[in-house]
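Enquirer: below are the sequence and a predicted model for it; my questions follow.
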Amino acid sequence: MELVAVVILLALLEYVFFGVLVGRARGKYGVKAPAVHGHELFERHFRAHYNTLELLVVFVPAMWLFGTYVSPGWAAGLGLVFVVGRLAYFFGYVADPAKREIGFGLSLLPVVVLLVGALWGAARQAF
Amino acid sequence: MELVAVVILLALLEYVFFGVLVGRARGKYGVKAPAVHGHELFERHFRAHYNTLELLVVFVPAMWLFGTYVSPGWAAGLGLVFVVGRLAYFFGYVADPAKREIGFGLSLLPVVVLLVGALWGAARQAF
Amino acid sequence: MELVAVVILLALLEYVFFGVLVGRARGKYGVKAPAVHGHELFERHFRAHYNTLELLVVFVPAMWLFGTYVSPGWAAGLGLVFVVGRLAYFFGYVADPAKREIGFGLSLLPVVVLLVGALWGAARQAF
């Protein structure tokens, strides 16, 4: 499970890095806290970061439980696809919100596979 | 703990389903990314989804630790109340924000019981 | 790991308490759901709560994995710094958004140490 842990932590590190970019965009585009609106480019950074937050809440437990009940190796591989997909998503979104689609699919798909796979693996052992 | 895992994963699946409904509402009510405001019905979907995100961050670790330190059976049962409560919350909120109260209580209560119970169980073993 | 669990659950309890304060601010400043804008003081509560959510998504798994692969005692200690830092952050933010900096640093720093430390510890065992 160490490999599963490494990939989970890489995904979290990527997300912290996105958070740093949001903080820099806040300064650059002059959006003062508590506001989160007022400049299109800040909003793109902000939303791309929060969309990653939305998915991480599923990704982390699904990764861990898929690793536990199905296969740690497959969990790690699917997790790496997520990490790469999120990079494409974030920078695609910032460049043009319409360009976020490919990265979105590339990061949503492994999350759904991890989630459904973990559910199948845990249910098989529970019942 | 397999049963605890199954209920956690069901709650995550429900949340992904809510996310799909938010995506459909974005198209239906014409709210273009990165905007998250501009149409009352989109905002209800969006906020109901994010409120579920807010609770899941507590629910998942509290479920797991309650299952570990108190009782996996009770964790699973309380978790199912949460899953049902969230369904009532989401569709209540979308119909009328004032109608979100019952579902909110029904999903907040098991989270608080899991959280306080897990804290009691872990503290009893730690000290 | 019981002590790590206790500190994780304390951080989650603090976050639920912040959520209660957001709910009270919603009533006090007359911001009706699904709106999350319209009164500066409500927005400060709301954003301070959500910023805590942003960090908890990293904090909880990083704490657990740091405890597993590095040291449960250090994990618990760093976790307590986070809990205290978040208190300073929340009440600083509500008083004046410019005053959120110290509490922010005090709660971000332990998260980064837990994250990088856990990554180092897990990677050392994986490779």
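Expert: Good, I have the coordinates.
Enquirer: ok, for the residue nearest the centre of chain A, nearest residue in space, not its chain neighbours?
Expert: Relative to the mean C-alpha position of chain A, the nearest C-alpha, by CA atoms, centre = their mean, is the one of A:Thr52, at 4.1 Å. Spatial nearest neighbour of A:Thr52, excluding adjacent residues (CB to CB, 6 or more residues apart in numbering or on different chains): A:Tyr15 at 5.3 Å. The C-beta positions use only the backbone N, C-alpha and C, and glycine is treated the same way.
Enquirer: surely that neighbour and A:Leu56 touch.
Expert: Yes: with contact defined as CB atoms under 8 Å, A:Tyr15 reaches A:Leu56; the gap is 6.0 Å.
Enquirer: any common contacting residues for the two?
Expert: Common contacts of A:Tyr15 and A:Leu56 (CB atoms under 8 Å, 6 or more residues apart in numbering or on different chains): C:Val57.
Enquirer: up against chain B, what does chain A have?
Expert: A:37, A:40, A:43-44, A:46-47, A:53-54, A:57-58, A:61-62, A:65, A:68-69, A:93, A:97, A:100, A:111-112, A:115-116, A:118-119, A:122-123, A:125-126 (CB under 8 Å from any CB of the partner chain).
Enquirer: just the buried ones out of those residues, please.
Expert: For the residues of chain A next to chain B, a burial check counting by 16 or more other CB atoms under 10 Å in any protein chain shown picks out A:43-44, A:46-47, A:53-54, A:57-58, A:61-62, A:65, A:68-69, A:93, A:97, A:100, A:111, A:115, A:118-119, A:122-123, A:126.
Enquirer: hang on, the earlier thing: contacting residues for the residue nearest to the centre of chain A?
Expert: Contacts of A:Thr52 by CB under 8 Å, 6+ apart are A:Glu14, A:Tyr15, A:Phe18, A:Arg86, A:Tyr89, A:Phe90.
Enquirer: quick one: mean pLDDT over the longest helix belonging to chain A.
Expert: For chain A, the longest helix by residue count, based on DSSP state H, is helix A:40-69. Helix A:40-69 comes out with an average pLDDT of 97.
Enquirer: before we move on, back to that, show me which of the buried ones among the residues of chain A next to chain B neighbour chain C.
Expert: A:Leu53, A:Val57.
Enquirer: in chain A, which spans are helices?
Expert: Under DSSP H, chain A gives helices at A:2-28, A:40-69, A:72-95, A:101-126.
Enquirer: and A:Gly30, how many neighbours does it have?
Expert: A:Gly30 has 10 neighbours, counted by other CB atoms under 10 Å in any protein chain shown.
Enquirer: gap between A:Ala11 and A:Lys99?
Expert: Distance of A:Ala11 to A:Lys99, computed by CB to CB, to the nearest Å: 21 Å.
Enquirer: the two: which has the busier surroundings?
Expert: A:Ala11 (23 against 15).
Enquirer: that one and A:Arg86 touch, don't they?
Expert: Yes: in this structure, A:Ala11 is within contact of A:Arg86 by CB under 8 Å, at 7.3 Å.
Enquirer: C:Val113 versus the residue nearest to the centre of chain A, what's the distance?
Expert: Going from A:Thr52 to C:Val113 by CB to CB gives 22 Å.
Enquirer: and if you look at A:Ile102?
Expert: Counting by CB to CB - A:Ile102 and C:Val113 are separated by 35 Å.
Enquirer: the two - which one has more neighbours?
Expert: Taking other CB under 10 Å, A:Ile102 and C:Val113 do not tie; C:Val113 has more neighbours (17 against 12).
Enquirer: now that one. Nearest residue, chain neighbours left out?
Expert: Nearest one to C:Val113, counting by CB to CB, 6+ apart, is C:Leu78 at 5.8 Å.
Enquirer: ok, the one you found - contacts?
Expert: With CB under 8 Å, 6+ apart, C:Leu78 has these contacts: C:Met63, C:Phe66, C:Pro110, C:Val113, C:Leu114.
Enquirer: flag every buried residue along stretch A:66-82.
Expert: Neighbour counts over stretch A:66-82 (16+ other CB under 10 Å) mark A:Phe66, A:Gly67, A:Thr68, A:Tyr69, A:Val70, A:Pro72, A:Ala75, A:Ala76, A:Leu78, A:Gly79, A:Val81, A:Phe82 as buried.
Enquirer: out of the residues you listed, flag the one nearest to C:Val22.
Expert: Of all those, C:Val22 sits closest to A:Phe82, with 30.4 Å by CB to CB.
Enquirer: tell me the contacts of A:Arg124?
Expert: Applying CB under 8 Å, 6+ apart, the residues contacting A:Arg124 are A:Tyr69.
Enquirer: so it versus A:Pro110, what's the distance?
Expert: 21 Å.
Enquirer: also A:Thr68?
Expert: 17 Å.
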